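Colleague: fold the stuff below for me.
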Amino acid sequence: MRHWLLSGAVLTGLLLCGCGGGGKTDAVFHGRLESGDSTLADKVFVDTYSGVAASSGKGHVKLDSPDFDPQVNVGVINGNQSINVTAQAQASKGAAANLDFNVTQGTTYYIYVRAANLPGSGSYTLRVSDVLKNVQQQSSLTPAP
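Modeller: Numbers count the residues shown, from 1 in each chain. Got it, this is the predicted structure:
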């Protein structure tokens, strides 16, 4: 289990679009892992997003990249302000990392976009199911000591 500390201001989400199925609207983000991004202890670049569960049930995230082996982690903040990763998925370059996870209404979930292997830079697309509302990219993430 990994723990990360979150700091910094909140940035605005990039794009919302319909992804089919029952009139639901998923949040879709197009981004890049690159020099200047936050890094983890293993020197992997990471982008962080957060959203609040509108209802209890299942959440879903999908991460794909043509440039790196995608890995997506989801977690919640514990009492000491570090983030407990509760679910993780990874895939090969060109394939999507799909992750289903349980959510509790009113809880904020943090989504970490990273590469499974170094060097781990390049473009990606992240899709977040509509059970998480107000999904926004965070400005920075600092690994816990």
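
Colleague: give me the neighbour count for the nearest residue to residue 108 once chain neighbours are set aside.
Modeller: In space, not counting the residues next to it along the chain, residue 108 is nearest to residue 52; the distance is 5.2 Å by CB to CB, 6 or more residues apart in numbering. Any C-beta I mention is one placed from the backbone N, CA and C, and that applies to glycine too. For residue 52, the tally of surrounding residues (other CB atoms under 10 Å) stands at 15.

Colleague: residues touching residue 52, list them.
Modeller: 106-109, 132-134 (CB atoms under 8 Å, 6 or more residues apart in numbering).

Colleague: which SSE is the most centrally placed residue in the chain in?
Modeller: Closest residue to the average C-alpha location of the chain: residue 111 at 2.5 Å, with CA atoms, centre = their mean. For residue 111, the enclosing helix or strand under DSSP states H and E is strand 108-115.

Colleague: for that strand, which strands pair with it and how are they oriented?
Modeller: Strand 108-115 has these partner strands in its sheet, going by DSSP bridges: strand 45-53 (antiparallel), strand 70-77 (antiparallel).
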